[in-house]
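Engineer: Got a sequence here, can you model it:
(2 chains)
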Protein chains: 2
Amino acid sequence: MVKVAVLGYGTIGSGVVEVLVTNKETVTRNAGTDVEVKYVLDLRDFPGDPVESILVHDYQTIIDDPEIDIIVEVMGGTHPAYEYVKEALERGKNVCTSNKALVADYGPELVKLAKEKSVNFLFEASVGGGIPIIRPILRSLTVDTFYEITGILNGTTNYILTKMYDEGGSFEDALKEAQKLGYAEADPSADVDGFDAARKIAILSGLMYGKNLNFEDLSIEGIRHITKADMDYAKFLGKKIKLLGITYNIAGEIYTEVAPHMIGPDNKLYLVDDVKNGIELKGNLLGDTMFYGAGAGKLPTASAVVSDIIDEAKHLHTNIPIIWSDEPVKLAERGRHRSKFFIRVDRDCDDIKNQFEIEQLVTLPDYPDEYAVVTTEMTFADFYEKIGDKEHVRSIVQVK
Amino acid sequence: MVKVAVLGYGTIGSGVVEVLVTNKETVTRNAGTDVEVKYVLDLRDFPGDPVESILVHDYQTIIDDPEIDIIVEVMGGTHPAYEYVKEALERGKNVCTSNKALVADYGPELVKLAKEKSVNFLFEASVGGGIPIIRPILRSLTVDTFYEITGILNGTTNYILTKMYDEGGSFEDALKEAQKLGYAEADPSADVDGFDAARKIAILSGLMYGKNLNFEDLSIEGIRHITKADMDYAKFLGKKIKLLGITYNIAGEIYTEVAPHMIGPDNKLYLVDDVKNGIELKGNLLGDTMFYGAGAGKLPTASAVVSDIIDEAKHLHTNIPIIWSDEPVKLAERGRHRSKFFIRVDRDCDDIKNQFEIEQLVTLPDYPDEYAVVTTEMTFADFYEKIGDKEHVRSIVQVK
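Structural biologist: Numbers count the residues shown, from 1 in each chain, chains lettered A, B, ... in the order given. Predicted structure coming up:
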């Protein structure tokens, strides 16, 4: 029998408690032992809820209980999550978490601490929700040199972009719908401005190189500026617009960014719609490998958290090695990175079609006072030099 | 420093040796130690090849060398592979293999033996080539109840079916092309008659339930009977024909089969073309999860084998637990399983359209003397009763 404490009884926390009951048989078989939730920590009361009798408001009760072997941190936010997790590891308890902010900010430090204490700090649910991706990177994809990792890593923005594509509405309308359905928060910035995706691609890429990638060092562009017109052109070009987190490793030169991109059906991520996530990896031996699944949601995320609980139940006092040093990943200058660009511009401005090498030029009857081009591939440095002060430019989207 | 011996210097074996050299840096970092190939076992000589100096013809040299910690079995076939692997495990050496025949026939026994000897028997490359699937099933997908596993698991047949779809040729022509390109063997039976896919779905499903699934107990149908006409109808219906290995678990009733199916673009496997593989899992918590990648080929397969070598280098004398007992999976009667059916029949035979509940009836101008139907979903028992002696029936393909 292994006893766990769940910190936070929100969506994921209640999911974890539920999954340990509903899928008890599979959990017990794979863990080799029963897993029991002894405490749930939350500031709120839940009168009438099954967890009422095991609810505590004080972390001290949990950390002081020698019966607790595994602490499940699903509170979100970095404080006090960081302090709680650190104390738990210092006192020889295993921790698993779904908290990407915590992992992005403190991953290497907490991994190191767990190793020193011969326990584990696991975080499968922090990226890709229910998609197994952290463990495959750490345990299976250990041979290749990966020259590209591309992910649709944020379900909220993917829902919004899918809705704009399918129904032809505006960003604002799609966001409102996402908020109504509980996919987006009242303050949607973390999602729509790309920070959530940036944390996730930073975690994946850091783990891939065994080094630390600070998400604040990334070039991050969200989707607020994507309009119905952009989507109409994308559709005409046979493409969709997706918010991608990408790390390129070109001959050892690493560049990471989060930005909306137009992608076509030749790209495996083209089919990843709604709140789903997909992660594509290109390795020097494996070629293209893709993982697809539920990137968020109560039960898929809880399933990933519980897979960590099972792993920890089997390794209570044995550290499963994770190579993730705090040495920073050295990123290349953005200017050296290459892309194609989609540019919409006022019809009476000839600069764009004259100054760029053009792959396609498009005019659409619905937008008579403008035209659009897709450039050939060029460096960001060249692009910014040529685009100048952006006068007459209505929008710019990378094309992959 | 960990020393390995590679049994068999064919495509995969030479790939393993090559990968350990080309990707040495990543391997050493992830294994935490250097990995050196001390011996290659093959009956043949390879004058001038880099392995010439470490080539041995006698297994005894390898098994008697106490420096050898890991044996890489990539000979294929069950004998003497089984005897070699068994002896290696008995003498406390780790083994990894890409040999699906060995794993399908002796998996539970060899897993048990490895456990008894505190070493490891790993086989990531035996299913899905370079796609990480065995380890995710054993380590990550440990919480859900999976009610369906569907895979395109054989690259050769997928290449043939893709070619027939794209170019409109016959099975025979596509097979010849596959043989010319080295995708199919001179005797293509293991691939085109479905046995290879059957072994792989049996391994995946067995591991999923922690029990033994003998592939010979499966219903197995290959693709030899698929004609240009079948493919033309499939295309007209907006579908492709794919050879699927499927395990359904409907309320605890398990049914496994390998058979060609028509699938539409709503199915994630629709996009898995050429020699690629794809595996879709449907869980009670995760919903749909899909893995896609290179299902075969020298370097992808070698990459998966080397990921096992790395895992074993980190756990030389610690068994990584795998739950796979020799208790048989209890399979449901085929008659109780449900499917839709595509049936092509002589035009002057009205039996089919009268006796079946029909979802679609199709006639194509190129085939004036026949018609085709897609039935509604029905049990196999019902289907066989109604179809009778199959007189006038030209072909039958399941529709998913």
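Engineer: who's in contact with the residue in the stretch 301-400 of chain A positioned nearest to chain B?
Structural biologist: With Cβ to the nearest Cβ, the shortest gap between the stretch 301-400 of chain A and chain B falls at A:Ser303, namely 3.9 Å. Backbone N, C-alpha and C define where each C-beta goes, glycine included. Counting by Cβ atoms under 8 Å, 6 or more residues apart in numbering or on different chains, A:Ser303 touches A:19, A:130, B:143-144, B:283, B:285-286.
Engineer: interface residues of the stretch 201-350 of chain A facing chain B?
Structural biologist: Counting by Cβ under 8 Å from any Cβ of the partner chain, the stretch 201-350 of chain A comes close to chain B at A:210, A:268, A:271, A:283-294, A:297, A:299-300, A:302-304, A:306-307, A:310-311, A:314, A:321, A:323.
Engineer: buried subset of the residues you listed?
Structural biologist: Applying 16 or more other Cβ atoms under 10 Å in any protein chain shown to those, the neighbour count classes A:210, A:268, A:271, A:283-294, A:297, A:299-300, A:302-304, A:306-307, A:310-311, A:314 as buried.
Engineer: before we move on, the earlier item: so when I look at the residue of the stretch 301-400 of chain A closest to chain B, I'm seeing a strand, right?
Structural biologist: No. Counting by DSSP: H, G, I helix; E, B strand; the rest coil, A:Ser303 is located in no strand; its state is helix.
Engineer: Pull the contacting residues for the nearest residue in space to it that is not next to it in sequence.
Structural biologist: Spatial nearest neighbour of A:Ser303, chain neighbours left out: B:Leu285 (3.9 Å); criterion: Cβ to Cβ, 6 or more residues apart in numbering or on different chains. B:Leu285 sits next to A:19, A:23, A:130, A:299-300, A:302-303, B:143-144 when contact means Cβ under 8 Å, 6+ apart.
Engineer: can I assume A:Gly10 is in contact with A:Ser98?
Structural biologist: No. A:Gly10 is beyond contact range of A:Ser98, at 10.3 Å (criterion: Cβ atoms under 8 Å).
Engineer: how far out from the middle of the chain is the helix or strand of chain A with the lowest mean pLDDT?
Structural biologist: The weakest-scoring helix or strand in chain A, judged by mean pLDDT, DSSP states H and E, is helix A:351-355 (a mean of 88). Taking the mean of its C-alpha atoms, helix A:351-355 sits 37 Å from the chain's own mean (Cα atoms, centre = their mean, to the nearest Å).
Engineer: next one: stretch A:381-400
Structural biologist: Here stretch A:381-400 is found 27 Å from its chain centre; the criterion is Cα atoms, centre = their mean.
Engineer: pLDDT of it, averaged?
Structural biologist: Stretch A:381-400 shows a mean pLDDT of 93.
Engineer: Flag every buried residue along it.
Structural biologist: Using 16+ other Cβ under 10 Å as the test for burial, stretch A:381-400 gives A:383, A:386-387, A:392-400.
Engineer: Any stretches of the stretch 101-250 of chain A with poor pLDDT?
Structural biologist: Applying pLDDT under 70 to the stretch 101-250 of chain A flags no residue at all.
Engineer: can you map out the helices along it?
Structural biologist: A:134-135, A:155-167, A:171-180, A:189-192, A:195-209, A:228-236 (DSSP state H, counting those that start in this stretch).
Engineer: Nearest to B:Leu102, out of the ones you listed?
Structural biologist: helix A:134-135 (25.6 Å; Cβ to Cβ).
Engineer: contact partners of the closest one?
Structural biologist: With Cβ under 8 Å, 6+ apart as the criterion, helix A:134-135 contacts A:122-124, A:126-128, A:203-204, A:207, A:307, A:311, B:135-136, B:139-140.
Engineer: Now flag whichever of the contacts of B:Leu285 is closest to A:Arg334.
Structural biologist: Scanning these for proximity to A:Arg334, where the rule is Cβ to Cβ, the winner is A:Gly130, at 32.8 Å.
Engineer: host element of the closest residue to that closest one other than its chain neighbours?
Structural biologist: In space, and not counting its chain neighbours, A:Gly130 is closest to A:Pro300: 2.8 Å by Cβ to Cβ, 6+ apart. A:Pro300 is part of helix A:298-314 when elements are defined by DSSP states H and E.
Engineer: in whichever helix or strand comes after that helix, what's buried?
Structural biologist: Counting by DSSP H and E, the next helix or strand C-terminal to helix A:298-314 is strand A:338-346. Judged by neighbour count (16+ other Cβ under 10 Å), strand A:338-346 contains these buried residues: A:339-345.
Engineer: Check the average confidence over strand A:338-346, would you?
Structural biologist: Taken as a whole, strand A:338-346 has an average pLDDT of 97.
Engineer: residues making contact with it?
Structural biologist: In contact with strand A:338-346 (Cβ under 8 Å, 6+ apart) are residues A:229-230, A:233-234, A:237, A:262, A:351-352, A:356, A:359, A:367, A:369-380, A:383, A:387, A:392-400.
Engineer: Can you list which of these are found in helices?
Structural biologist: A:229-230, A:233-234, A:351-352, A:380, A:383, A:387 (DSSP state H).
Engineer: Can you select the buried ones from those residues in PyMOL?
Structural biologist: Buried residues among the ones in helices among the contacts of strand A:338-346 (16+ other Cβ under 10 Å), as a PyMOL selection:
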select buried, chain A and resi 229+230+233+234+352+380+383+387
